[in-house]
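Participant: Sequence plus predicted model, see below.
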Amino acid sequence: MTKAHTEYLTFNTRKRKEMIHITDQVEAIVRRSGIRDGLCFVSPMHITAAVYVNDHESGLIEDISTWLEQLAPENPAYRHHQTGEDNGDAHLKALLLHHETTLPVTDGHLDLGTWQRIFYAEFDGQRPKRLIVKVLGIA
């Protein structure tokens, strides 16, 4: 029987920019869904955040942050700032990573590679932000 299960996670980061490891939380949602075979869709519900899959290694996480800052630095010259906003770089950083990811579910669990882990990347935080996890498949 085909089934869909939806849950939301809320983040309120201490810093404006943070990378949060969420694999365990997403895996728990997959287990609660009861879906044995299907797909898990993970997406932030904000345009200044991203979701990505990569290695959970502190040096790499710092490298990703440095790379993003080089490509989309905090800069008051963004045209977006002429609207009264100050988060132009956050929009660009989110575009450079991914707005969502879709992951396989096999035998009731995320079917990730050896080093694959899921991260929520926040670029304009310090306020509540939601992320949707939708699991679709066969129960």
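Facilitator: The structure has been received and is ready for your questions.

Participant: drop to CA atoms for contacts and neighbour counts, all remaining ones
Facilitator: Fine.

Participant: List the residues that contact Lys15.
Facilitator: When contacts are counted by CA atoms under 8 Å, 6 or more residues apart in numbering, Lys15 touches Gly125, Gln126.

Participant: Which pLDDT does the model give it?
Facilitator: In this prediction, Lys15 carries a pLDDT score of 97.

Participant: now the residue nearest in space to the middle of the chain: how far from Glu62?
Facilitator: When CA atoms, centre = their mean is applied to the chain, the residue found nearest the centroid is Val51 (2.2 Å). Distance check for Val51 against Glu62: by CA to CA, to the nearest Å, it reads 16 Å.

Participant: How about Val133?
Facilitator: Per CA to CA, Val133 is found 26 Å from Glu62.

Participant: who has more neighbours, these two?
Facilitator: Each of Val133 and Glu62 has its neighbours counted (other CA atoms under 10 Å); Val133 has more, 23 against 12.

Participant: Verify the contact between the more buried one and Val26 for me.
Facilitator: Yes - counting by CA atoms under 8 Å, Val133 touches Val26, with 7.2 Å between them.

Participant: quick check, Glu62 in a helix?
Facilitator: Yes - looking at Glu62 with DSSP: H, G, I helix; E, B strand; the rest coil, it is inside a helix.

Participant: what's the host helix or strand of the residue nearest to the centre of the chain packed up against?
Facilitator: Assigned by DSSP states H and E, Val51 belongs to strand 49-54. For strand 49-54, the packing partners by 3 or more CA pairs under 8 Å, 6 or more residues apart in numbering; DSSP states H and E come out as strand 37-44, helix 88-96, strand 101-106, strand 117-122.

Participant: Contacts for that strand, please.
Facilitator: With contact meaning CA under 8 Å, 6+ apart, strand 49-54 is reached by 42-44, 90-91, 94-95, 97-101, 115-124.
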